[in-house]
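# I'll drop the sequence and a predicted model, then ask my questions.
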Amino acid sequence: MSFYIAGTGMYVPERIVTNDELATMVDTNDEWIKQRVGISERRISTDEWTSEMAYKAALCALENADCKPEDLDYILTASVSAECVSPSTACMVQNLLGATCPALEVNAACSAFLFLLETAAGLFARKRAKKILVVGAERLSGILDWSDRSTCIIFGDGAGAAVLSCEKDNYLDSVVTVHGGDDVIKIPHFIGCSPFFTKENDSPYIHMQGQETFKYAVNAMCGDITAILEQNHLTLDDISYIVPHQANKRIIDFAAKRLKTSEEKFYVNIEHYGNTSSASVPIALDELNRSGRLKRGDYIILCAFGGGLANAACLLRW
Ligand code: COA
């Protein structure tokens, strides 16, 4: 027993920050960002916490799935930029929705939405749930060094959600990989002020080796998509859409080229939101769902990569 995606939702803050506006803050320009990353603008929260954005995306997904908060059996969320370590974003969303089910958070950075689906699949398999809400939500603007042009131009804020339901076994397969280590991508925590602790840490912002991340991302995406296809005796011709993590348009273009498929096979919206980490795949999925381009029965692949290093992909029947 697995699940199908009964509804999707998203929320992004109103405030749009364009490349031109960023160019007034750091030494960059619209042309460089569009060419090297494929981003024109991103949404930045001015007065909403991560859990509030998560709640709004959750409401949107519940409405799309025609599901009430009291019908939920679990709430699973993911974030690297929550306002609190505890309560988790999941507990905050449970409270805001007025739901009563268990709620927990998973940390797998930009791949986390895929890890949420895998976690949910386990709960469905144990027959512990009929309906599960999954949400990826980020206020990455709060963990960016706004004087570092190699990171502050890439990321954005937002939330994406989905309601998973047990009536159909449409979560068909997945691959999940972790190469643990902090040398390529790292977001250190505030280390506290213990008078007994003698170690130092980097500043509590996103640190990233751009080119290493780029190479890892292309290899991870191509490897995971190929594995999913081979495991299920499918080719890319059988897949209606690939919904990738939106980290850099050039990563997606490189992957499309290496997989010998057209860029149109990939749903891409990075131009408007930048990289929203755990929210990126569910935001893209919601847009694709609402665009009317997916038909029930279509095969789609979701894939993501990022901090951990963690990467994953899954095959879904829509
Ligand atoms: N504006 C203008 N110039 C910039 C710039 C910016 N925002 N950021 C870097 N540069 C400059 C560099 O200083 C360098 O200048 P130099 O040649 O004079 O030394 C030049 O552009 C090239 O820098 P480089 O770091 O090689 O650029 P890049 O093509 O690798 O692009 C990233 C940088 C970060 C956009 C790219 O590496 C990337 O997207 N990596 C993957 C990031 C990612 O996916 N992260 C999320 C993982 S979930």
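Cool, got the structure.

# residues from the stretch 101-250 of the chain in reach of the ligand?
Within the stretch 101-250 of the chain, the positions adjacent to the ligand are Cys110, Arg149, Ser150, Ile153, Met208, Gly210, Gln211, Thr213, Phe214, Ala217, Ala247, Asn248 by CB under 6 Å from any ligand atom. All C-beta spots, glycine's among them, are computed from the backbone N, C-alpha and C.

# for Ile154, which non-adjacent residue is closest in space?
Leaving aside its chain neighbours, Ile154 sits nearest to Asn275 (5.2 Å; criterion: CB to CB, 6 or more residues apart in numbering).

# surely the one you found meets Cys110?
Yes: contact criterion CB atoms under 8 Å: Asn275 and Cys110 qualify, at 7.2 Å.

# common neighbours of those two, please.
Contact criterion CB atoms under 8 Å, 6 or more residues apart in numbering; residues bridging Asn275 and Cys110 by contacting each: His245, Ala247.

# neighbour count: those two, which is higher?
Cys110 (30 against 24; other CB atoms under 10 Å).

# buried ones in stretch 298-305?
Tyr299, Ile300, Ile301, Leu302, Cys303, Ala304, Phe305 (16 or more other CB atoms under 10 Å).

# what sits against the residue nearest to Ile154?
Counting by CB under 8 Å, 6+ apart, Asn275 touches Cys110, Leu140, Ile154, Phe155, Gly156, His245, Gln246, Ala247, Asn248.

# so what's the fourth one closest to, chain neighbours aside?
If the residues on either side of it in the chain are set aside, Phe155 comes closest to Leu140, at 4.2 Å by CB to CB, 6+ apart.

# centre of the chain to the longest helix seen in the chain, how far?
Ordering each helix of the chain by length in residues (DSSP state H) puts helix 210-231 first. How far helix 210-231 lies from its chain's middle: 16 Å, per CA atoms, centre = their mean, to the nearest Å.

# next, the angle helix 210-231 makes with the helix or strand just after that helix.
As assigned by DSSP states H and E, the chain's next helix or strand after helix 210-231 is strand 239-244. Taking axes from the mean of the first three to the mean of the last three CA atoms, to 10 degrees, one finds that strand 239-244 is oriented at 150 degrees with respect to helix 210-231.

# by contact count, what packs against strand 239-244?
helix 210-231, helix 280-290, strand 299-306 (3 or more CB pairs under 8 Å, 6 or more residues apart in numbering; DSSP states H and E).

# follow-up on the earlier one: could you export the buried residues of stretch 298-305 as TSV, including pLDDT?
Listed next are the buried residues of stretch 298-305 as TSV, based on pLDDT from 0 to 100:
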residue	pLDDT
Tyr299	97
Ile300	98
Ile301	98
Leu302	98
Cys303	98
Ala304	98
Phe305	97
